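Enquirer: compute the structure for the input listed below.
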Amino acid sequence: MAVSRVPGARGQVVSLDTLVRLGRGLRTSGRPGTPAAPRRLTVPEGMTAPLGCDAVGVPAGLGPLLMPRLPRVGCVYADEKHWWWIVPADSDYALCWPAPAHYATGAVLPDAPSAALPELLHRPDGKVPYTPPIPLYLALCRITGTTPAWSRPVSA
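Expert: Down below sits the predicted model:
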């Protein structure tokens with residue numbers, strides 16, 4: 001969906017998708033004057049992320065329950081509090097991840113910037129770091145007893 005150009009207006013026509021992506025970039029780039037850099041998960045050396053990277057975090061107790069339910073597991077990072085799955089950027093588009101999951105745009109972790117990054121717990125074979133987001137979402141819904149967003153009744 002493109003934003004239409006007003007006759008006589010100057011500038012470039014941008015799509016709604018571009019505006020959303022730019023807005024997300026502003027949220028993940030940090031604030032001016034902030035001394036510490038944000039904690040960002042990075043893909044292991046030798047891997048590529050052609051679709052960009054976001055992350056989905058769950059409490060550490062749920063991590064071992066999710067792993068066997070997934071048909072493919074990408075890069076998973078863990079610390080004592082959370083397990084983090086690398087997913088393609090914008091995997092939250094039109095999708096509300098169930099509590100207690102945390103969706104981290106740009107794979108920027110929400111804790112204090114000075115804390116250590118979680119360690120890599122699982123690295124998939126191949127060069128792509130992603131866990132497919134829909135199976136991860138469905139497994140998380142199943143474990144938390146949440147009805148997937150598309151199955152909920154819609155009110156008029």
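
Enquirer: now name the helix or strand holding Pro135.
Expert: Using DSSP states H and E, Pro135 sits within helix 133-144.

Enquirer: for that helix, packing partners?
Expert: strand 54-59, helix 63-66, strand 82-87 (3 or more CB pairs under 8 Å, 6 or more residues apart in numbering; DSSP states H and E). Any C-beta I mention is one placed from the backbone N, CA and C, and that applies to glycine too.

Enquirer: so where's the protein shaky on pLDDT?
Expert: 1-36, 112-114, 156 (pLDDT under 70).

Enquirer: quick one: the strands in it?
Expert: Ranges of strands within the chain are 54-59, 76-78, 82-87, 102-104, 119-122, based on DSSP state E.

Enquirer: let's have the ones you listed in JSON lines, adding mean neighbour count and distance to Arg69.
Expert: Output for these, formatted as JSON lines (neighbours: other CB atoms under 10 Å; distance: least, CB to CB, whole Å):
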{"stretch": "strand 54-59", "mean neighbour count": "23", "distance to Arg69": "12"}
{"stretch": "strand 76-78", "mean neighbour count": "20", "distance to Arg69": "13"}
{"stretch": "strand 82-87", "mean neighbour count": "26", "distance to Arg69": "12"}
{"stretch": "strand 102-104", "mean neighbour count": "18", "distance to Arg69": "19"}
{"stretch": "strand 119-122", "mean neighbour count": "14", "distance to Arg69": "14"}
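
Enquirer: out of the ones you listed, nearest to Met47?
Expert: strand 82-87 (9.2 Å; CB to CB).

Enquirer: partners of that closest one in the sheet?
Expert: strand 54-59 (antiparallel), strand 76-78 (antiparallel) (DSSP bridges).

Enquirer: let me have the helices and strands packed on helix 133-144 in JSON lines, extended by distance to Val154.
Expert: Output for these, formatted as JSON lines (distance: least, CB to CB, whole Å):
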{"stretch": "strand 54-59", "distance to Val154": "25"}
{"stretch": "helix 63-66", "distance to Val154": "28"}
{"stretch": "strand 82-87", "distance to Val154": "26"}
